[in-house]
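[1] structure of the sequence below:
(2 chains)
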Protein chains: 2
Amino acid sequence: MKNPNIVIIGAGYGGIMTAVKLQKSLGANDANITLVNKHSYHYQTTWLHENAAGTLHHDRTRIAIKDVVDTSKVNFIQDTVTDIKAADKKIILEDGELSYDYLVIGLGFEAATFGIPGLKEHAYTINSINSSRLIRQHIEYNFAKYNNEPEKQQKRLNIVVGGAGFTGIEFVGELANRIPELCKEYDVPRDKVRIINVEAAPTALPGFDPELVEYAMNSLEARGVEFKIGAMIKEVTENRLVFEKDEQREEIDTNTVVWAAGVRGNSLVEEAGFEANRGRIPVRDDLRPEGYDDVFIVGDCALIMNEKTERPYPPTAQIAIQEAEHTAKNLTRLVKGDDHLEPFKPNIQGTVASLGHNDAIGVVFDDKKLFGWSATAMKKVIDNRYLLKLGGLPLVLKKGKLNFFNF
Amino acid sequence: MKNPNIVIIGAGYGGIMTAVKLQKSLGANDANITLVNKHSYHYQTTWLHENAAGTLHHDRTRIAIKDVVDTSKVNFIQDTVTDIKAADKKIILEDGELSYDYLVIGLGFEAATFGIPGLKEHAYTINSINSSRLIRQHIEYNFAKYNNEPEKQQKRLNIVVGGAGFTGIEFVGELANRIPELCKEYDVPRDKVRIINVEAAPTALPGFDPELVEYAMNSLEARGVEFKIGAMIKEVTENRLVFEKDEQREEIDTNTVVWAAGVRGNSLVEEAGFEANRGRIPVRDDLRPEGYDDVFIVGDCALIMNEKTERPYPPTAQIAIQEAEHTAKNLTRLVKGDDHLEPFKPNIQGTVASLGHNDAIGVVFDDKKLFGWSATAMKKVIDNRYLLKLGGLPLVLKKGKLNFFNF
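    Have a look, this model is predicted:
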């Protein structure tokens, strides 16, 4: 009897944690494990907004896969998945193909642009190391240009962030810290620069406690962030953004629109024929899609309902990591001949949103609210715990956020 | 009898040194001294290529004028000169005008583009803090973009430098050091990046000893610089450069053309009605233009013949500083009632061209050739001596190049 082939596609939070857990629970005689990823590195998606603002270097955010995956137990293939052929149990890569007995889909999110004209073409998104460091450089380039033109162009200094959800708020928080540095670097007066956060919903941070939302907006407004709440983006061009608020149409001259308002699952999984809802696949309680007993979905592409709220759980790092750990356990059982799979139950321990390097808000233990330093510290604890799980203490020391007194 | 008004326009090497010397030799009861400059800072033009390559921060290159000019003795006006009305003894500024009894013109160079189509519009020049940090960001932005496009664009990684004279050679030397860092920062393979130096003359570094030229080209080629010598640039567009060499037309796809091949004096002095040759004014041996006994010209706009070579002295920092010191002495005499002015004799002590941070070539004491470390060290000695003259030991310690063992 030959060893089963386990193929994991994507090395985001879900994919890499599945690989790291399986390399501990399965021996070389139990299964052949293969991890496929586009880059040679894993990155912490929840830190990318800092790389995009320029407040943290991207080498802190990314982790070489060979530093956490034991390549004597897991084959690593750096390649791009172009197709999932679930009926044939095959994965098509740009430079080859793989057969699997068990597949773990850990492909991440894509930006959802809801058909807003020009958004896809002209807005920047915070979704990879490449796209994030490009945002950093794009903003900096516009500052560098500003004093080199006979006619000063305000569009170079207007930065518009679409969406005041989790990512949008965290990003403007970092920008508020970064802009004074850029002003100094390029001799640009601080009062010329605008950071404008446009949100379609009737509140910033929808879903958060109003007291926390109030705190966050106050903190950000005090550092120069302008909010346009209940404002629908109508159009984006290379140097303009149009929105509508209270039935009034407004235009902002800007070279820099960062879209942080909508995500959807990877379009590959839809194209693979799974029944999907905006790229996310409804999965059974063992994280397998209906009709496929050899496929597990972890992370952003898995759609799980929260029975309490009757809405899907939002795709977060926290839930992706838990799904990965759970899937590794279930897969280990399957491989070892036990067909009884445990149902997955998310355990949401808390949510913390940073507002720059020295402020944050959050909720832990269901209803305990955190503000300021205690929230900032909690955020760092969460981040370091993940690194500990992934690569042990050496990884925490190398990439962790250890400065708890960074005011 | 009222004190004479001395107005110095431009705070480059020539202008600021004149001001610093005059504030020592004249008292508040002798003359009213006014220095006019566009920016609040002086900068060392000979270091700008390092700022442009990104190997040295521009704050090392610039010096706040108030740090070296005693504002209790010299009025400093931050404004832009728009016109010199020599017949009326007036200087017109963007926001006002000044009358003078004595004028010192220390306005610097402009790029001479010799009518090459597209050069003025599309090429970058290394002539100010603003333009230099823009080059740094422009190059970096193209690296950041490279991995964000489905179709990789070679024009983002081809950097063309027009001119293998002093500035062109020094700039490609810094680039050769900088590019490996940029490749690491943006995950770009080093072998994809081209640094191409195009020179119309039949040799690099025209006027230098052939042995030194050979050494410089070997050092740079070993670090990946390509030379196109005897190549005439025919056209520059936003993303292409065309040149002709050996009657063959060649095209290079590039977003980055840096023009370091020609300078001319500031066009304001021509427009002021002085007889000029490419913006440089032939001056008498006391540095006054024919027919104007109340005007002194120091630095790039002054044209002085070298009797030995029968060609004009090239405009360098060294000669500008000597002209300034000389002019300060002559002006002091005039103000104190002595009409006998000393003739100016340049004292060219040597010339050193850096080839990146750890290599250089030079000539000192007329014919002693220097290579490698000794030339690099000599270059730093020259730079530090200037700072010592300008602002004493504190300035050397603050802005000097003190690391003599930087390999």
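
[2] contacts and neighbour counts: CA atoms only from here.
    Will do.

[3] who's in contact with stretch A:7-17?
    The contact list for stretch A:7-17 (C-alpha atoms under 8 Å, 6 or more residues apart in numbering or on different chains) reads A:18-19, A:33-38, A:41-45, A:69, A:81, A:98, A:100-108, A:298-299, A:317, A:320-321, A:323-325, A:390.

[4] just want the most central residue of chain A.
    The residue lying closest to the centre of chain A (C-alpha atoms, centre = their mean) is A:T45, at 3.9 Å.

[5] give me the neighbour count for A:P189.
    Using other C-alpha atoms under 10 Å in any protein chain shown, A:P189 has 11 neighbouring residues.

[6] my bad, A:K24
    11.

[7] check which helix or strand covers it.
    Assigned by DSSP states H and E, A:K24 falls within helix A:13-25.

[8] just the buried positions in that helix, please.
    Residues A:Y13, A:G14, A:G15, A:I16, A:M17, A:T18, A:A19, A:V20, A:K21, A:L22, A:Q23 are the ones in helix A:13-25 that count as buried (16 or more other C-alpha atoms under 10 Å in any protein chain shown).

[9] coming back round to it: now the contacts of stretch A:7-17: which count as buried?
    Among the contacts of stretch A:7-17, those scoring as buried are A:18-19, A:33-38, A:41-45, A:69, A:81, A:100-108, A:298-299, A:317, A:320-321, A:323-325, A:390 (criterion: 16+ other C-alpha under 10 Å).

[10] in strands only, show me those.
    Among those, DSSP state E puts A:33-37, A:41-43, A:81, A:102-105 in strands.

[11] I'd like those as TSV, with distance to chain B and pLDDT appended.
    Shown next, in TSV, are these (distance: C-alpha to the nearest C-alpha, whole Å; pLDDT from 0 to 100):
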residue	distance to chain B	pLDDT
A:I33	28	97
A:T34	24	98
A:L35	21	98
A:V36	19	98
A:N37	16	98
A:Y41	11	98
A:H42	14	98
A:Y43	14	97
A:V81	15	97
A:Y102	31	98
A:L103	27	98
A:V104	26	98
A:I105	24	97
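
[12] hang on, the earlier thing: pretty sure the residue nearest to the centre of chain A contacts A:S131?
    No. Look at A:T45 against A:S131 with C-alpha atoms under 8 Å: they stay out of range, at 11.5 Å.

[13] pLDDT of the helix ranked longest in chain A, averaged?
    Secondary structure of chain A per DSSP state H: the longest helix is helix A:372-399. What helix A:372-399 shows for mean pLDDT is 93.

[14] so which bits of that helix are buried?
    Per 16+ other C-alpha under 10 Å, helix A:372-399 contains these buried residues: A:372-380, A:382-384, A:386-388, A:390-391, A:395-396, A:399.

[15] next one: A:A86 from A:D95, what distance?
    19 Å (C-alpha to C-alpha, to the nearest Å).

[16] of those two, which one has the most company?
    Higher neighbour count among A:A86 and A:D95: A:A86, with 18 against 10, using other C-alpha under 10 Å.

[17] ok, and the closest non-adjacent residue to that one?
    Among residues not flanking A:A86 along the chain, A:A272 sits closest, at 6.7 Å (C-alpha to C-alpha, 6 or more residues apart in numbering or on different chains).

[18] now do the contacts for that neighbour.
    Per C-alpha under 8 Å, 6+ apart, neighbours of A:A272: A:D83, A:I84, A:K85, A:A86.

[19] how about a cut-off of 10 Å?
    Contacts for A:A272 (C-alpha atoms under 10 Å, 6 or more residues apart in numbering or on different chains) come out as A:D83, A:I84, A:K85, A:A86, A:A87.

[20] brilliant, that's me finished.
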